[in-house]
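Chemist: Could you look at this predicted model? Sequence included:
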Amino acid sequence: QVQLEETGGGLVQPGGSLRLSCKTLGRTDKKYGMAWWRQPPGKEREFVAAISRSGSRTSYGDSVEGRFTISRDEDENSAWLQMDNLAPEDTAVYYCNVAPFYSTYDTDYGKIIPWGQGTQVTVSS
């Protein structure tokens, strides 16, 4: 079964940076839209960023706009999330997933490939 693996999380001080990676383990037959989501402690999962299959279109959640940058591999379903100027409110488990098309709705994700374990990001001094 195809799986998703998120890596790159860790503990960082406010104002610091992290780069998350998302890798598809196993073969996929086509390119998909991809997105990053996060789940803060005690809260529901929320949208972070999405990127189209070609990489030409991106979208960001209001709270990360201007600080985070999503990118992807041209040939594979792999993606990265560059996170700059991190704040304590960014503390969460970060997940990536794929959708048949470019989407910012969580109902479009998790249907092709199951949600992975995520990677913990903690922003604290």
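Modeler: Good, I have the coordinates.
Chemist: okay, now Q1: neighbour count?
Modeler: Q1 is flanked by 6 other residues according to other CB atoms under 10 Å. Placement of C-beta: from N, CA and C, glycine included.
Chemist: Give me the pLDDT for the closest residue in space to it that isn't next to it in sequence.
Modeler: Leaving aside its chain neighbours, Q1 sits nearest to G26 (6.9 Å; criterion: CB to CB, 6 or more residues apart in numbering). G26 carries a pLDDT value of 90.
Chemist: Surely G26 is in contact with V2?
Modeler: Yes: G26 sits in contact with V2 when judged by CB atoms under 8 Å, with a separation of 3.7 Å.
Chemist: Just list the residues touching the residue nearest to Q1, thanks.
Modeler: Listed by CB atoms under 8 Å, 6 or more residues apart in numbering, the contact set of G26 reads Q1, V2, Q3.
Chemist: Could I get the residues you listed in CSV, plus columns for distance to F68, pLDDT and secondary structure?
Modeler: Converted to CSV, the contacts of G26 look like this (distance: CB to CB, whole Å; pLDDT from 0 to 100; DSSP: H, G, I helix; E, B strand; the rest coil):
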residue, distance to F68, pLDDT, secondary structure
Q1, 29, 87, coil
V2, 26, 92, coil
Q3, 24, 94, strand
